[in-house]
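Engineer: everything below, folded, please.
(one chain, ligands or ions: 1)
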Amino acid sequence: MNLIQSPTPLHRLNRLSEELGLDVWIKRDDLTGFAMGGNKGRKLEYLIADVLAQKAEVVVTCGAAQSNFIRQLGAACSICSVHCAAAVMAMPFDIQAPEGAAIEEGGNLVLDELLGVDLRFHPNGTWDHLDVLAEQLAVEFEREGKRTYRLPVGGSSPLGAYAFIKAAEELTESFDFIVFASSSGSTHTGLQTAFRDTGTRILGIACDPEPEIAEDFAELSSGLNGMDPTFPKLDAGDYQLNFDYVGPGYGIPSAEGNAAIRLLARTEGIFLDPIYSGKAFAGLLDLAERGQISGKVLFWHTGGTPGLFVH
Ligand SMILES: Cc1ncc(COP(=O)(O)O)c(C=O)c1O
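Structural biologist: Residues are numbered from 1 along each chain as shown. Modelled structure (predicted):
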């Protein structure tokens with residue numbers, strides 16, 4: 001199902017490259033154009049096609065209250081007249097929101113309300129517990145006789161990962177490194193699958209401090225292989241995932257991320273977000289300075305702009 005404007009622009013960051021002595025390019029998935037942009041629109045083209053093929057009346061998912069995925073899923077469901085429901089919590093892991101942070105208002109929540117997303121708020125807990133709450137919600141709808149489609153956090157099902165194998169085909173230049181924000185794993189799994197056996201290194205900057213997420217990514221890859229055996233099964237060790245830029249925790253801005261947001265805004269007029277792309281860009285800058293990434297580097301901007309209006 002066509003939702004986004006693609007291919008998204010790919011261009012060199014001339015001013016930033018000059019200022020820092022790097023060769024940095026950007027893939028503008030902040031400009032996917034659907035429901036304020038971001039990487040989730042790509043996944044939803046495949047996910048919503050499946051929702052419609054299954055003739056679902058309700059889609060149930062879960063995520064953080066400020067989820068970019070829920071916002072774009074809500075928009076896709078609006079287009080298809082499917083009810084969109086989500087179990088949400090403000091913050092995973094009982095993280096204390098920083099002073100003055102109003103995570104339960106503004107940003108994506110404004111847009112979710114406009115879209116009519118059926119949000120069910122829960123106290124902070126673990127991602128695993130949130131999955132249980134989403135399953136309970138799905139069962140509730142089924143008891144009412146509604147055909148219900150379950151979607152994992154971030155749209156990270158094998159179809160979501162497949163969307164990023166297709167996205168890789170949009171690159172008209174080759175790169176030594178591709179750097180991006182990684183969280184629920186379908187962006188990373190799609191890109192890692194697409195660029196296996198090439199000279200391009202795929203580097204995810206983790207926005208979530210759980211080291212075991214690479215195991216979940218491998219499981220996702222296994223699902224992709226189940227869907228189409230020509231895609232290899234990746235092991236957790238096949239993923240390059242850097243945890244050094246999570247900062248105070250998932251969902252909380254970091255000083256380095258905020259500095260990276262300002263730098264890109266002030267050199268190139270491009271906005272990053274404080275929870276994903278800002279931290280990932282901070283990682284790119286620091287790793288380049290340490291000589292750990294070099295050559296021609298692509299930053300894959302995954303969107304998240306509404307997050308700027310929360311913190
Ligand atoms: C703006 C933004 N960037 C990156 C990501 C990470 O993508 P993925 O969930 O596919 O790992 C997300 C998803 O949560 C996001 O909202």
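Engineer: surely Ala255 meets Gly247?
Structural biologist: Yes - applying C-beta atoms under 8 Å, one finds Ala255 in contact with Gly247, separated by 7.2 Å. Backbone N, C-alpha and C define where each C-beta goes, glycine included.
Engineer: more neighbours: these two, which one.
Structural biologist: Gly247 (20 against 10; other C-beta atoms under 10 Å).
Engineer: near the ligand, which residues of this structure?
Structural biologist: Proximity of the chain to the ligand (C-beta under 6 Å from any ligand atom) is limited to residues 38-39, 68-69, 154, 156, 181-188, 273, 276-277, 302-304.
Engineer: buried subset of these, written for ChimeraX?
Structural biologist: Selection of buried members from the residues of the chain next to the ligand for ChimeraX, criterion 16 or more other C-beta atoms under 10 Å:
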select :38,39,68,69,154,156,181,182,183,184,185,186,187,188,273,276,277,302,303,304
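Engineer: filter the residues of the chain next to the ligand down to the ones in strands?
Structural biologist: 181-182 (DSSP state E).
Engineer: burial of Phe195, as a residue count?
Structural biologist: Residues near Phe195, counting by other C-beta under 10 Å: 18.
Engineer: distance of it from the ligand?
Structural biologist: Distance from Phe195 to the ligand, counting by C-beta to the nearest ligand atom, to the nearest Å: 16 Å.
Engineer: where does that residue land on pLDDT?
Structural biologist: Note on Phe195: pLDDT of 98.
Engineer: how about it, what does it touch?
Structural biologist: Contact partners of Phe195, counting by C-beta atoms under 8 Å, 6 or more residues apart in numbering, are 168, 178, 202.
Engineer: surely the second one is in a strand?
Structural biologist: Yes - assessed by DSSP: H, G, I helix; E, B strand; the rest coil, Ile178 belongs to a strand.
Engineer: surely Ala90 meets Gly63?
Structural biologist: No - under the criterion of C-beta under 8 Å, Ala90 makes no contact with Gly63, lying 11.1 Å away.
Engineer: neighbour count winner among those two?
Structural biologist: Taking other C-beta under 10 Å, Ala90 and Gly63 do not tie; Gly63 has more neighbours (27 against 18).
Engineer: does that one sit in a helix, a strand or a coil?
Structural biologist: Gly63 is classified as strand under three-state DSSP.
Engineer: across the sheet, point out what pairs with it.
Structural biologist: Val88 (DSSP bridges).
Engineer: contact partners for it?
Structural biologist: Per C-beta under 8 Å, 6+ apart, neighbours of Gly63: 69-70, 86, 88, 130, 153-154.
Engineer: which pLDDT value belongs to it?
Structural biologist: On the pLDDT scale, Gly63 gets 96.
Engineer: what's the separation between it and Phe141?
Structural biologist: Counting by C-beta to C-beta, to the nearest Å, the separation of Gly63 from Phe141 is 17 Å.
Engineer: can you give me the helices in the stretch 101-250 of the chain?
Structural biologist: For the stretch 101-250 of the chain, applying DSSP state H, counting those that start in this stretch gives helices covering 108-115, 127-143, 158-168, 186-194, 213-227.
Engineer: can you report how many residues neighbour the nearest residue to Gln72 once chain neighbours are set aside?
Structural biologist: Ranked by C-beta to C-beta, 6 or more residues apart in numbering and with sequence neighbours excluded, the top spatial neighbour of Gln72 is Lys40, at 4.2 Å. Lys40 has 33 neighbours, counted by other C-beta under 10 Å.
Engineer: the one 5 residues further on now?
Structural biologist: Look at Glu45: counted by other C-beta under 10 Å, it has 19 neighbours.
Engineer: who's in contact with it?
Structural biologist: 1-4, 163.
Engineer: follow-up on the earlier one: Gly291: which of the helices of the stretch 101-250 of the chain is closest?
Structural biologist: Closest to Gly291 of the helices of the stretch 101-250 of the chain, according to C-beta to C-beta: helix 186-194, at 23.0 Å.
Engineer: give me the contacts around the closest one.
Structural biologist: 39, 43, 154-157, 160-169, 178, 180-182, 202, 204, 217, 220-221, 224, 231-232, 234, 238-239, 241, 300, 302.
Engineer: give me the nearest residue to the residue of the chain found nearest the ligand, chain neighbours excluded.
Structural biologist: Going by C-beta to the nearest ligand atom, the ligand is nearest to Gly304 of the chain, at 2.8 Å. For Gly304, ignoring the flanking residues on the chain, the nearest one in space by C-beta to C-beta, 6+ apart is Asp273 at 3.2 Å.
Engineer: what of Val82?
Structural biologist: Val59 (5.6 Å).
Engineer: as PDB, could you dump the C-alpha coordinates of the one helix or strand that neighbour maps to?
Structural biologist: Using DSSP states H and E, Val59 falls within strand 58-64. Once non-C-alpha atoms are left out, strand 58-64 reads as follows in PDB (Å, rounded to 0.1, in the frame of the first residue of the first chain):
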ATOM      1  CA  VAL A  58      -8.900  -3.500  15.000                       C
ATOM      2  CA  VAL A  59      -5.100  -3.200  15.200                       C
ATOM      3  CA  VAL A  60      -3.500  -3.500  18.600                       C
ATOM      4  CA  THR A  61       0.000  -2.500  19.400                       C
ATOM      5  CA  CYS A  62       2.000  -1.100  22.300                       C
ATOM      6  CA  GLY A  63       4.900   1.300  22.900                       C
ATOM      7  CA  ALA A  64       6.100   4.300  24.800                       C
END
